[in-house]
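Participant: Compute the structure for the input listed below.
(one chain, ligands or ions: 1)
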Amino acid sequence: MEDESSENRKQARLVILELANMISVPMALNAVVRLNVADAIWQGGANNPLSAIEILTRVLPDGNGDAENLQRLLRLLASYSVFNEHSPSGGGERERKYSLTDVGKTLVTDKEGLSFAPFVLQHHQDALMKAWPLVHEAVVDPSKEPFERANGEPAYSYYLKQGNMNELMVKAMSGVSVPFMRAMLQAYDGFRGVQRLVDVGGSGGDCLRMILQKHPNIKEGINFDLPEVLAKAPQIPGVTHVGGDMFKSIPQADAIFMKWVLTTWTDDEIKTIMQNCYNSLSEGGKLIACEPLLPENSDNSHRTRALLEGDIFVMTIYRAKGKHRTEEQFRKLAFSVGFPSFRAFHVDHFSTVLEFQK
Ligand SMILES: C[S@@+](CC[C@H](N)C(=O)[O-])C[C@H]1O[C@@H](n2cnc3c(N)ncnc32)[C@H](O)[C@@H]1O
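Facilitator: Predicted structure coming up:
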């Protein structure tokens, strides 16, 4: 019989209870995003510490709402570094005040109307939430992903049939992709000499717009995505919209850009996409893909956890055999369709630039 009073057992019981209640964390995050708490605290850069009552009067100005319950959410999220908690007079429930940490600031709406908030909302919509109790089914039978089991069809086609889901997806992608692209374009100069660039799965077109701004040598930029997605995408000077299916063919180019596209598909599907890229590239042309890159070793760092969590998200929502891959797995896939040269540029902790040259 184990000694339940030993430190090891106490720790073990604590950790399993923390894990069993972990759902409180993303749902609390989703709640503060729905309430628009980050913008309420930020107030044009003031970021002054505010009590839950003060925040509540900003997010629900009609005077309704429960400040104590808001504070319970803020406390939990302070323990995950989303908010700083200030208790100037050593405690007391009404004394606690909250400001935004660097993590919390990612939820603040910027001048372009973007932030990470739509990504949080996008991940917690009803149709996606319905898939999560079915994760074990991806082990029992991976022929159908949990999202499809729960909703009767695959995620992308489901989004397209629900206009608001498609719009939220585009907004979520822009909010996450724009800051990444700023960092990526500072560190990576592989677009030099490119004249005709196709962005495969370009969504709202932000990535392409930013690449063209930085590299005026690119004379022609093509946003290639599903026609239904492009129908909602804004017109951007210098960018042509071409609707199509990357599994059939991709417009000719001397470089192809692709961000967060390969990850959601199976190995066989990736080979088809990469083969179509290879066929459409001129000799010496490049496929520049930005994808999450899984580390070889498992540990408890933020990076490894964020990438492993994203991997389970892909398995649950997009394809039971779609996944985050290691550098070596990408190298093998690329060689198998004929790309002789491959380089990885580590410009970000989550996504890596993978350059495949024909
Ligand atoms: C995860 S989003 C990435 C969007 C954008 N590249 C970014 O990172 O901000 C994947 C994109 O692939 C597009 N897509 C899905 N299936 C496609 C297909 N068969 N052909 C072309 N694009 C497709 C989706 O519409 C979506 O815009």
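
Participant: Flag every residue of the stretch 251-358 of the chain that's near the ligand.
Facilitator: With the criterion set to C-beta under 6 Å from any ligand atom, the stretch 251-358 of the chain comes near the ligand through Lys259, Trp260, Val261. Heads up, the C-betas are built off the backbone N, CA and C, glycines and all.

Participant: Give me the distance between the second one and Tyr156.
Facilitator: I take that to be Trp260. Plainly put, Trp260 is 13 Å away from Tyr156 if you go by C-beta to C-beta, to the nearest Å.

Participant: When the two are compared, which one has more neighbours?
Facilitator: Between Trp260 and Tyr156, counted using other C-beta atoms under 10 Å, Trp260 has the larger neighbour count: 20 against 17.

Participant: List the buried residues of the helix or strand Val33 falls within.
Facilitator: If you go by DSSP states H and E, Val33 is part of helix 24-34. Applying a neighbour-count criterion of 16 or more other C-beta atoms under 10 Å, the buried positions in helix 24-34 are Ala28, Leu29, Asn30, Ala31, Val32, Val33.

Participant: what about it, average pLDDT?
Facilitator: Mean pLDDT, computed over helix 24-34, is 98.

Participant: elements contacting that helix?
Facilitator: Judged by 3 or more C-beta pairs under 8 Å, 6 or more residues apart in numbering; DSSP states H and E, helix 24-34 is in contact with helix 67-78, helix 117-123.

Participant: At which residues are the helices of the stretch 151-300 of the chain located?
Facilitator: Using DSSP state H, counting those that start in this stretch, the helices of the stretch 151-300 of the chain run over residues 155-161, 163-187, 206-214, 227-230, 267-280.

Participant: and the residue of the stretch 151-300 of the chain found nearest the ligand, what is it in contact with?
Facilitator: At 2.8 Å from the ligand, Gly201 is the closest residue in the stretch 151-300 of the chain, using C-beta to the nearest ligand atom. Contact analysis of Gly201 by C-beta atoms under 8 Å, 6 or more residues apart in numbering lists Phe224, Asp225, Met246, Met258, Lys259, Trp260, Val261.

Participant: ranges for the strands of this protein?
Facilitator: Listed in chain order, the strands of the chain (DSSP state E) span 83-86, 97-100, 196-200, 220-225, 239-243, 253-259, 281-292, 341-345, 351-357.

Participant: For Met165, find the nearest of these.
Facilitator: In terms of C-beta to C-beta, the element of those nearest to Met165 is strand 220-225, at 15.5 Å.

Participant: That closest one pairs with which strands, parallel or anti?
Facilitator: Note on strand 220-225: by DSSP bridges, its sheet partners are strand 196-200 (parallel), strand 239-243 (parallel).

Participant: Distance to Asp311, mean neighbour count and mean pLDDT added to those strands, as CSV?
Facilitator: Formatted as CSV, these follow (distance: least, C-beta to C-beta, whole Å; neighbours: other C-beta atoms under 10 Å; pLDDT from 0 to 100):
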stretch, distance to Asp311, mean neighbour count, mean pLDDT
strand 196-200, 22, 24, 97
strand 239-243, 30, 16, 95
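
Participant: Tell me which of those strands sits nearest to Leu230.
Facilitator: Leu230 sits nearest to strand 239-243 of all the strands paired with strand 220-225, at 4.5 Å, using C-beta to C-beta.

Participant: does any bit of the closest one sit next to the ligand?
Facilitator: No: judged by C-beta under 6 Å from any ligand atom, strand 239-243 and the ligand are separated, with a smallest distance of 8.6 Å.

Participant: what's Ser143 in contact with, if anything?
Facilitator: By C-beta under 8 Å, 6+ apart, Ser143 lies in contact with Ala320.

Participant: Pull the number of nearby residues for the residue lying closest to Met274 once chain neighbours are set aside.
Facilitator: Nearest non-adjacent residue to Met274, counting by C-beta to C-beta, 6 or more residues apart in numbering: Val337, 4.5 Å away. Residues lying near Val337 (other C-beta under 10 Å) number 18.
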